[in-house]
Each structure stands twice: as structure tokens, then as C-alpha cells.
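>>> quick one: sequence plus predicted model below, questions after.
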Amino acid sequence: MGDLLIRGGTVVDGTGAEPRRADVLITDGIVAEIAESPGQLAGRRVDRTIDAEGHAVTPGFIDVHTHMDAQIAWDPMGESSCFHGVTTAVMGNCGFTLAPARPDARHLVVRNLERAEDISAAAMAAGIDWSWETFPEYLDFVEATPKGINYAGYLGHSALRTWAMGDAAFERGANADELALMIQQLRDSLQAGALGFTTSSSYNHETADDRPVASRMAEWSEIDALVSEMGVMGAGIFELANHPDLRARDAERREAYIAKMVELGVRTGVPITYGMLALSDEEHHWKPVMDLLDRLNAAGGTSWAQVHTRYFGVLLSFSTRLPFDELPAWRDLRKASLTEQRAALENPATRARLVADAEHGNYGQAIGAEARKPQWEHVYPLTQPLPPFLSMGEIAAERGVAPMEAFVDLALDSDLELFFIQVAANYDQDLVLRLMKHPRAIPTFSDSGAHVTQIMDSSLQTHLLGYWVRDRQEFTLADAVHRITQLPATAWGFDDRGVLAVGKAADVNVFDPETVSPDMPELVHDLPAGAPRLRQTATGFAATIVNGEIITEHGKVTGAVPGRLLRGPLAR
């Protein structure tokens with residue numbers, strides 16, 4: 001592997017300490033020396049030198065909420081996360097994993113993932129060589145698979161239920177024998193290195209045939225038994241997508257749910273983590289999520305919230321999806337080529353019919369990251385990677401036309417290539433900032449590997465650095481880096497990462513704080529079976545280093561695959 005010298009940069013070490021100018025020497029994948037005296041390492045013979053003048057030198061970023069479980073089978077680099085400085089990704093959130101899965105029932109795992117996480121069933125069929133049944137066997141597959149970044153994984157409840165119960169997992173709670181099977185698989189998984197156990201009781205998670213995903217059919221006693229087993233073993237984190245009761249208008253329902261979660265966390269001693277989005281600025285849509293966090297920690301439990309750094313929403317475009325796709329006037333048109341769609345929109349009579357259907361049609365019910373009936377004050381043309389953005393409501397008012405007319409005009413002006421953000425949560429950015437600044441909140445929740453044609457949130461770290469640090473100056477660079485390095489590393493037990501210090505694993509980013517930014521997203525068709533995905537690179541990175549090897553350089557992947565499986569504490 002040899003020696004790598006990062007020379008002349010400003011070290012932001014992840015602890016929150018003030019940045020300092022220093023040279024960093026990496027030897028055999030480990031940080032060997034940090035020299036703050038100019039020229040101290042000048043005579044050292046090295047295999048490679050990175051000129052970091054004018055750049056921050058930081059630990060690699062840690063994203064603890066991804067769904068890369070399937071993608072790792074066909075993408076050795078970990079796109080798009082690798083472009084945004086992520087060097088460690090935690091998979092298996094919200095109860096969705098590829099294991100355990102019985103050979104004759106893998107379709108049940110796919111059923112859980114296909115709609116809820118927008119992962120193409122065709123891509124999974126073509127891209128995955130199912131060499132495992134149990135979760136420990138899946139971890140062995142991840143360890144053996146070439147990978148650019150590091151991965152760790154949870155055991156997911158939906159896969160666990162379908163493995164233990166078959167199709168009945170989508171219909172009822174578990175019986176005693178089925179629960180015993182699940183508990184034993186959880187034990188085996190933790191001993192093999194699973195980070196913990198995840199589930200979902202969120203209404204946003206459904207199958208392609210409009211059924212609840214398997215975890216949603218579990219009774220509370222089943223979840224309690226599985227989390228309690230982690231408490232007995234003294235290992236594991238419990239991650240969940242919360243039940244709607246947490247955000248209910250009814251205060252008694254909210255209180256009952258919070259009390260139940262607090263009791264579980266305190267009694268078992270198992271750390272609990274979940275997403276902390278603001279579904280609206282109505283207090284019951286965000287404050288109970290913060291109250292749960294505070295009460296868990298105040299009562300003696302351990303809890304961390306996962307916060308998003310920007311608008312949480314769907315990317316709309318004529319190349320991917322539109323809210324109007326299933327409306328009668330649009331359905332056939334959207335199956336046509338973009339050239340034909342443009343011609344239809346340029347025909348006044350056809351355009352009038354399409355606009356009328358979009359304004360008055362029945363949109364049905366959207367879940368999760370699916371497109372929904374537009375609220376034009378929360379739809380933004382993506383004309384640049386970072387805010388501020390003008391809403392379609394504001395643009396329409398400036399032009400003196402209806403928002404739908406303005407939407408069509410902008411799309412036509414871009415030859416139907418323009419993306420629009422349709423916001424589904426985190427509408428109020430001042431409220432987002434309040435959530436982000438909570439001391440127990442970690443900027444993560446990218447969902448990378450999922451929602452591959454719906455959202456593009458692998459860039460939440462570069463959004464944090466470019467928008468909230470540089471443009472808004474709401475965080476210092478040291479504080480922001482701390483929140484995406486040492487804070488998650490400590491909370492998730494990655495003891496050898498998250499801090500740039502001698503003896504630690506050499507996961508390192510070298511980037512220019514004055515230019516770091518996401519790039520504009522693009523649609524590519526490079527998944528197995530030619531399935532589409534959104535891809536987004538970043539600006540400002542001189543290099544991202546994983547275990548001492550450069551995996552991206554000036555925005556391009558190098559092809560190096562030094563990533564490792566990071567197993568949980570019982571397997572170390």
C-alpha cells in the first residue's frame with residue numbers, strides 16, 4: 001500500500017477542535033503522523049503526495065442511514081455516496097435487508113424493497129447472485145465483495161419475518177415458534193457482526209400491490225421481544241421508522257407511543273435511533289419527534305436522531321416521473337418519447353387539455369418519496385445545486401400565469417431536461433436548522449441505494465458544507481465536520497474511525513471549503529437490466545481516501561476498492 005503524504009492542508013480533525021495547518025502521513029492504511037511544524041516531513045520518502053494547499057483535511061464522512069444492501073452487489077464504488085466524501089455507510093435501515101432469505105422465497109424480500117425503497121426488481125434479479133440465506137452469510141458476502149467504501153449492516157425486520165413466516169409475514173403477527181426462529185437469527189446475526197436490528201411501522205412503507213411491508217404487521221410484543229434480546233446480549237442498536245402515532249394530532253396517542261418507546265429504551269439499555277424530519281411546520285408534525293429524543297436520554301436511555309440537511313422531496317422531470325403520470329390525459333403521453341411529448345405540449349389544444357387535467361385531476365394517494373399532487377409553493381425548479389430556489393408559485397406570480405403553465409414553459413425551455421424538487425417534508429428551512437442543531441442529532445438519512453429514480457440525497461454532506469457552513473454560516477466548518485465524522489462514529493461504535501488522529505484508520509477527505517458543493521443530478525441507465533438511476537457527483541474534492549487508498553480524485557473514481565466490512569462489537 002505504501003506511504004501517502006497529504007501536505008499543506010488545514011486539518012479539521014473531527015473532534016470539533018479549531019482547524020490547524022498540518023501535514024498528514026498515512027502508512028499502510030493508518031494515520032502514522034500529523035506534523036504541525038512546516039517541513040517536518042519534508043525529507044520523508046513517500047509513494048505519493050497530495051498537495052492540500054487551500055484545502056480542508058478531514059476524517060471521512062459517515063452516513064448511518066443508507067440502503068446499499070442490493071447496490072453493493074453490482075456497484076463496487078458506492079456511487080453516488082463516494083463522490084460526496086462518504087467513506088462508511090450503514091445499510092439495512094427501516095427493516096429492509098436482503099437477508100435472511102430462503103432460496104424459494106427471495107421474491108418476498110424483493111416485494112418489501114421494490115416500492116417502499118424504489119429499487120428495481122429487474123435490477124435485483126439481474127444484478128444479485130444470491131449466495132446466502134442467513135444474515136451472517138450475507139455479511140460474509142459483503143466482506144468478500146470488492147468495495148470502494150466501508151460498509152456495516154443491520155438485520156432488517158421485514159426480511160426476518162418473511163424468512164421465518166413466508167407470505168404470512170404480510171398478513172399477521174408471529175406465533176411463538178416463528179418468534180423463536182427470529183430471535184435465534186437475531187442472536188446469530190449480532191454474533192456475526194450485525195450492528196443491530198431495524199424495523200418500520202410507518203404508513204409510508206408499502207409493497208407494489210398496496211400491502212403493508214412485512215414489519216408493519218408485527219405486534220408490539222414481537223418488536224419488544226427482539227429489542228429485549230439485544231439488551232440481554234448487551235449489543236446492538238435499534239433503528240426504526242416510527243409509527244404515525246408519534247405525530248398524531250391526538251395528544252393521548254402521542255403520549256402513549258412516546259411512553260412506550262421510552263420504557264423500551266430504558267429497560268433494555270438498547271440505543272434507539274430514528275429519522276427526525278419536519279413533515280410540516282405544525283407542531284405535532286415535528287415537536288413530538290424531538291420530545292421522544294429528549295425524554296429517552298433524560299430517562300437514562302440512549303437515543304440519536306437522524307436529521308436531513310435540506311428539503312426532503314422528490315425529483316421530478318419528464319425523463320423520470322411527474323405527479324401527473326397516471327392522470328387520464330397524461331397516461332398515454334408519458335409512454336411516448338420525449339420528442340413526442342414535447343410536440344404534444346407545443347400543440348395549444350393538447351396542452352390545454354393536459355394542463356386542465358393536471359389542475360383538476362384525481363391524484364390518488366402517494367406514499368413515501370412518490371410524486372403527489374403539486375403544492376406549487378413547495379415545487380422548485382432545480383436551476384442550481386444549492387439554494388436559494390424560487391418556487392413555482394413565485395415564478396408563476398412573476399410571469400402572471402398559472403403555476404402549471406409556468407411549469408410547462410420551464411420544462412419546454414430546457415428541452416424537457418430540467419429537474420424540479422417537489423418537497424414532501426422539511427418545508428421550513430429555519431425549522432430544519434433547529435432540528436440540525438440539536439446536540440443529539442446527526443446529519444445523515446441519505447437513503448443512498450434506495451429511491452434511485454425518486455430522490456438524490458447522497459449529497460446531504462456536501463449540501464451541509466456548501467450551504468449551511470459556507471453560504472449561511474450557521475455552522476463552523478469544525479462543528480459541521482464533527483457532526484458527520486466523530487459524532488456518528490462514537491454513537492455507532494466505529495472506534496477506529498471518525499477522528500483524524502495517529503493510529504486511526506486512514507479514511508480521509510481533502511476538499512476546498514470555498515467550492516465544495518453537490519453537482520447537478522443526471523439520469524443514467526447503468527443499473528443491471530438497464531434500469532435507470534439518478535447520479536450526482538460533487539465539486540471541490542481533491543481526494544477521498546479509504547483505508548489509505550485514494551478512491552476518488554478530483555471528482556473521478558480511481559477504481560481502487562479498499563473498503564471493508566465493519567462488523568459489530570460481538571464479532572470483533
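Arrived safely. Numbers count the residues shown, from 1 in each chain.
>>> straight-line length of stretch 147-166, end to end?
32 Å (Cα to Cα, to the nearest Å).
>>> next, the buried residues of it.
Across stretch 147-166, burial judged by 16 or more other Cβ atoms under 10 Å covers 147-165. Every C-beta, even on glycine, is put in place using the N, C-alpha and C of the backbone.
>>> repeat that for stretch 356-376.
By neighbour count on 16+ other Cβ under 10 Å, the buried set for stretch 356-376 is 357-358, 361, 368-372, 374, 376.
>>> can you check stretch 165-184 too?
Under the neighbour-count criterion of 16+ other Cβ under 10 Å, stretch 165-184 has 165, 168-170, 173-174, 178-179, 181-183 buried.
>>> and if you look at stretch 404-418?
Neighbour counts using 16+ other Cβ under 10 Å place 404-408, 410-412, 416, 418 of stretch 404-418 among the buried residues.
>>> same check on stretch 321-340?
So stretch 321-340, judged by 16+ other Cβ under 10 Å, has buried residues 321-324, 327, 329-330, 333.
>>> ok, now stretch 136-150?
Across stretch 136-150, burial judged by 16+ other Cβ under 10 Å covers 136, 138-142, 145, 147-150.
>>> closest to residue 568 among the residues you listed?
Residue 568 has its nearest neighbour among the buried residues of stretch 136-150 in residue 139, at 9.4 Å by Cβ to Cβ.
>>> ok, that closest one - contacts?
Residues counted as contacts of residue 139 (Cβ atoms under 8 Å, 6 or more residues apart in numbering) are 153, 189, 192-194, 565, 567.
>>> related to what we said a few turns ago, which two from the buried residues of stretch 356-376 end up farthest apart in space?
Pairwise across the buried residues of stretch 356-376, and taking Cβ to Cβ, the largest span is found between 357 and 368, at 24.2 Å.
>>> can I assume residue 197 is in contact with residue 158?
No - between residue 197 and residue 158 there is no contact under Cβ atoms under 8 Å: 11.5 Å.
>>> for the stretch 151-300 of the chain, what spans make up the helices?
Ranges of helices in the stretch 151-300 of the chain, per DSSP state H, counting those that start in this stretch, are 157-165, 176-192, 220-233, 251-268, 287-298.
>>> state the mean pLDDT of the third one.
Read it as helix 220-233. On average, the pLDDT along helix 220-233 is 98.
>>> likewise for the first one?
Helix 157-165 carries an average pLDDT of 98.
>>> likewise the fourth one?
Helix 251-268 comes out with an average pLDDT of 98.
>>> what's the angle between that helix and helix 287-298?
Interaxial angle, helix 251-268 versus helix 287-298 (axes from the mean of the first three to the mean of the last three Cα atoms, to 10 degrees): 30 degrees.
>>> helices or strands up against helix 251-268?
On a contact count with 3 or more Cβ pairs under 8 Å, 6 or more residues apart in numbering; DSSP states H and E, helix 251-268 meets helix 220-233, strand 272-275, helix 287-298.
>>> so which bits of that helix are buried?
Neighbour-count burial for helix 251-268, with 16+ other Cβ under 10 Å as criterion, is recorded at 253-254, 257-258, 261-262, 264-265, 268.
>>> relative orientation of that helix and helix 220-233 in degrees?
Using the same axes, to 10 degrees: helix 251-268 against helix 220-233 is 30 degrees.
>>> just the residues contacting helix 251-268, thanks.
Helix 251-268 is contacted from outside by 220, 224, 227-228, 230-231, 238, 242-243, 245-248, 270-272, 284, 288, 291-292, 295-296, 299-303, using Cβ under 8 Å, 6+ apart.
>>> the second one now?
Applying Cβ under 8 Å, 6+ apart, the external contacts of helix 176-192 come out as 100, 134-136, 139, 155, 160-161, 163-165, 174, 194, 196-197, 222, 225-226, 229-230, 233, 235-236, 567-568, 570-571.
>>> quick one, strands of the stretch 301-450 of the chain?
Here the stretch 301-450 of the chain has its strands, by DSSP state E, counting those that start in this stretch, at 303-307, 312-316, 379-381, 420-425, 441-443.
>>> who's in contact with the longest one?
Okay, so that is strand 420-425. So strand 420-425 is in contact with 277-280, 308, 311-317, 323, 369, 371-372, 374, 378-382, 389, 392, 407, going by Cβ under 8 Å, 6+ apart.
>>> give me the angle between that strand and strand 312-316.
Interaxial angle of strand 420-425 relative to strand 312-316 (the same axes, to 10 degrees): 150 degrees.
>>> could I get the helices of the stretch 151-300 of the chain as a markdown table with distance to residue 517?
Converted to a markdown table, the helices of the stretch 151-300 of the chain look like this (distance: least, Cβ to Cβ, whole Å):
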| stretch | distance to residue 517 |
| --- | --- |
| helix 157-165 | 36 |
| helix 176-192 | 39 |
| helix 220-233 | 40 |
| helix 251-268 | 38 |
| helix 287-298 | 29 |
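>>> of those helices, which is nearest residue 16?
Going by Cβ to Cβ, the one of the helices of the stretch 151-300 of the chain nearest residue 16 is helix 287-298, 19.5 Å.
>>> which strands or helices does that closest one pack on?
If contacts are counted by 3+ Cβ pairs under 8 Å, 6+ apart, helix 287-298 sits against helix 251-268, strand 272-275, strand 303-307.
>>> excluding sequence neighbours, find me the nearest residue to residue 208.
In space, and not counting its chain neighbours, residue 208 is closest to residue 115: 4.4 Å by Cβ to Cβ, 6 or more residues apart in numbering.
>>> hmm, residue 211 and the one you found touching each other?
No - counting by Cβ under 8 Å, residue 115 sits too far from residue 211 to count as a contact (9.6 Å).
>>> ok, back up a step: and the furthest pair within the buried residues of stretch 136-150?
Across the buried residues of stretch 136-150, no pair lies farther apart than 136 and 148, at 23.7 Å, counting by Cβ to Cβ.
>>> how long is stretch 544-557 from one end to the other?
9 Å.
>>> one more: stretch 246-257?
Using Cα to Cα, the distance between the terminal residues of stretch 246-257 is 6 Å.
>>> could you do stretch 537-553 as well?
From its first residue to its last, stretch 537-553 covers 12 Å (Cα to Cα).
>>> centre of the chain to it, how far?
In terms of Cα atoms, centre = their mean, to the nearest Å, the centre of stretch 537-553 is set 19 Å apart from its chain centre.
>>> what does stretch 337-353 give?
From the chain centre to the centre of stretch 337-353 is a distance of 36 Å (Cα atoms, centre = their mean).
>>> got a list of what residue 81 touches?
63, 66, 68, 89, 149, 446, 448, 458.
>>> farthest-separated two in the residues you listed?
The distance between the two most remote of the contacts of residue 81 (Cβ to Cβ) is 12.6 Å, for 149 and 446.
>>> next, show the common contact partners of the two.
The contact sets of residue 149 and residue 446 overlap at 81, 86 (Cβ under 8 Å, 6+ apart).
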